[in-house]
Each structure stands twice: as structure tokens, then as C-alpha cells.
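In: Structural data only, the sequence is not supplied:
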């Protein structure tokens, strides 16, 4: 992957990759000063004053160190303890950007498109997991999807997110301004439907904007679990719809779409994977990032539900590739064979929508909060290598059969063998391709 850098000249910000530059995506935000090091719930969270927080509500924030040009995507949280330009970061962020207390830093704005009208996806776009957006966002800004490999979509209130490649983001000029079409799975991942757990901060926003009778209705359906309000298990489907209606009335649906700056002018590398995908067959799905069993922490394994393993054509201890933005990690896969053990380490989540990922693997992927989806795909290179021993006998039989053709010389026999063996291997691997759902 090519190196992406940010340059700041006064209040002019440029995103650079090689000889190419972009002066529109990242904009100047505000100067700030590192006031404190705090222990926070995630390493990419930084605390800011209420004024700065409000100024960044319609975009995403990037913390930039002018001394060494390093930058880091961050999530802002407001704190009454901080002055207008003071910020507090985690020890991990301090080390990543080589920060010093009282050092002057910059908070930059990663431009975001705002969508207020969330509608159901068309059937022809559901299978390929695409998102369709209007040509103009809710503020009348023209949507531009050129130049970046990945785009990220955020829930305005809770920061739940999904990441999609640029070829899965389609612009439709016929759509009404500020409209986005999502399939049911994407709406669930972005916490737009069936709210099983509501962050405490968002709960306060909801309660502040509903009538007294609606407060009582929600209080009967949700229980306070300190950091989240959890939907009770005995709530009926009808009552869930009622709760959803109250929540969306208090806090109307709103999504932000922003480019992943690290993917500027990037291309996905392929190599041997293209050949493996052809022979074995590619299969992938997006799943919510969650914790695995407590006993899995530190191991190089992830947990998937048995049905998702079948859909991906995997057996126990096969390898998968986890992808998030421009990063990828390979690891073994095991089934979620004890839902109770999985639920003990996570907020309420359907196991068929989740993948349990240990903390050290999440860190390699650059995932610091359990509020995003990752792409899980079977490792076709591993499966091809795993199947090589099964190809020895068919290959020997092909060579043996060709050697009996008396009318051909040695070079003609060799040419036929070279052409025939890939076809035989492809046919023999059809069982692997058919394992996918």
C-alpha cells in the first residue's frame, strides 16, 4: 500500500499520496493543546470541550501532530472539565503520535456527507451488499466517491459503522436529496432497527426529547446496565416497533458517510489470491465485531456461528481473512458452540450477525471500539494449499494417460499435460467451490 500523508499550511490541508493530492476531503478544524492523559473506554477516544464537540458533529475528526506529521482517526467525547482548546487522550494515542503534555496539536475535519432519509434497498443491490446514495446529501453537497478505495458509514448518534469498498457505493441522481438506501443487515449493523443496547449518552438524548408517557414506555422495556440500556428479553415484536418509533421521533435517523483517508489513491493487492479464488471459490460476509470467549483472548482464532461457517464453506480450524479498511489479518476459525459463554463477554447480539475477535487481532486491524462491522472471507490460498495433497493422484493419472498416446512426441505430450492438469485440478476442486452458501 502506498503511504498517505497530510500536509498543513496555515489553514490549508492537503491529503497526499505520491504525486497526487486532494485539498477537499480533509479540512482545517481547530488548534488544541494536550491537557491530560486519561484512561478511557477505547484508545481512539479523546475528550474535548462542548464547544469543540458541537463544531465536529457533522464530520469525523482526525488528530494531527504538526511536529512529526503523524495523524490518527479519533472519536470525540465532550467533557465539562476541559477548556475550549484543551483535550485529553489515552496513553496509547499519546504513544502512537509521540505526543507531549501541553504540546500544540490540530484537530482536522474529515468531510462527511449527511443523509437524513434512510430507505429500503432495491432487491437487485441487496446480494452484492451495495449502498445507494443520492447525488446531493442532506445539506445539498454533491457526493463524490472518486479517489478513495474505502468509505465508512456512521450512525450520527452512536458511532456504529460499516466500511464498504468504493465499487459498493453507488450514486443515483434520481434519488431525492439526502437519501440513502440500505439493506436490512446494514440497517441492523448501524443500529437503525431493533435497538438491543442503547449507549447511556444517547439514552439521555432520547429521554430529553420524548413526552412523559413515552419515557415510561421506554423505561418498562429497557434496563439500566451502567454504560448501556439493554432491551428486556421478554419484549414483544409489537412493543419493539413501538420503542423504535419513539426513539426515531426523539432522534430522527441520520447517517454520515466519509472517505477513509488512508485509502486515498490505493489499490487492492491480489497476487496468488486471484488464482486461489478461481480454483477454490471466494466467499465473504460482513459481521459485527464482538469479543470471543474469555478463554480465546491471546489466541490467534476467531469465533463464528455454525451457520456462518457453513455459508463460507469452512470447517473447524480453517483459516479466514479479516478485513477492515485497508488492513487484513489471517487467523483460524472456531465455531460458537457455547452461546452462553459468548453472551457473557458481549452486549446482546445475534450470534449470526457477529464474529468474536480477540483484542490483539482487533488492534492489528485498527479496531478500537466494538461498534463496527468487519469483512470475513475464507482464506482461499490456505484452502488451495490444504487441498494440494488431494490433487496428486489426479495429476499422476493425467500424466500417465498422456504418456500412452503413441502418435505424439515428447514435447506434444508435455504441452497436453500442461494444458490438461489445470483443468483436471479445477474439476476436482468443484466440491470446495460448492461448499459455499
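Out: Right, received. Where do you want to start? All values reported here derive from a predicted model rather than from experimental measurement. Residues are numbered from 1 along each chain as shown.

In: CA only for contacts and neighbour counts going forward, please
Out: Noted.

In: what's in contact with the longest strand along the chain?
Out: Counting by DSSP state E, the longest strand found in the chain is strand 26-37. Residues outside strand 26-37 that contact it (C-alpha atoms under 8 Å, 6 or more residues apart in numbering): 11-15, 85-91, 94, 99-111.

In: Now, the residues you listed that are in strands?
Out: In strands, judged by DSSP E, the following of those are found: 12-15, 86-89, 104-110.

In: Residue 359: which of those is nearest?
Out: The closest of the ones in strands among the contacts of strand 26-37 to residue 359 turns out to be residue 89 (C-alpha to C-alpha; 19.7 Å).

In: how deep is the closest one tucked in, by neighbour count?
Out: Residue 89 has 24 neighbours, counted by other C-alpha atoms under 10 Å.

In: Please report how far residue 204 lies from residue 196.
Out: The spacing between residue 204 and residue 196, counted by C-alpha to C-alpha, to the nearest Å, is 16 Å.

In: and these two? which has more neighbours close in?
Out: Between residue 204 and residue 196, counted using other C-alpha under 10 Å, residue 196 has the larger neighbour count: 18 against 11.

In: Tell me how many other residues surround residue 120.
Out: Counted with other C-alpha under 10 Å, the neighbours of residue 120 add up to 13.

In: Quick check: it touching residue 182?
Out: Yes - counting by C-alpha atoms under 8 Å, residue 182 is a contact partner of residue 120 at 5.5 Å.

In: Can you list the buried residues in the longest strand of the chain?
Out: Neighbour-count burial for strand 26-37, counted by 16 or more other C-alpha atoms under 10 Å, picks out 26-29, 32-37.

In: Contact partners for residue 295?
Out: Counted by C-alpha under 8 Å, 6+ apart, residue 295 has zero contacts.

In: Which member of the buried residues of strand 26-37 is positioned nearest residue 237?
Out: Closest approach to residue 237 among the buried residues of strand 26-37 (C-alpha to C-alpha): residue 26, at 43.0 Å.

In: And that closest one, how far from residue 392?
Out: 54 Å.

In: per-domain residue ranges of this protein.
Out: Following the assignment in automatic domain parsing, the chain carries domains at 4-110, 113-191+255-263, 197-250, 272-385, 387-434.

In: In JSON lines, list these along with mean pLDDT.
Out: Formatted as JSON lines, the domains of the chain follow (pLDDT from 0 to 100):
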{"stretch": "domain 4-110", "mean pLDDT": "90"}
{"stretch": "domain 113-191+255-263", "mean pLDDT": "93"}
{"stretch": "domain 197-250", "mean pLDDT": "89"}
{"stretch": "domain 272-385", "mean pLDDT": "91"}
{"stretch": "domain 387-434", "mean pLDDT": "76"}
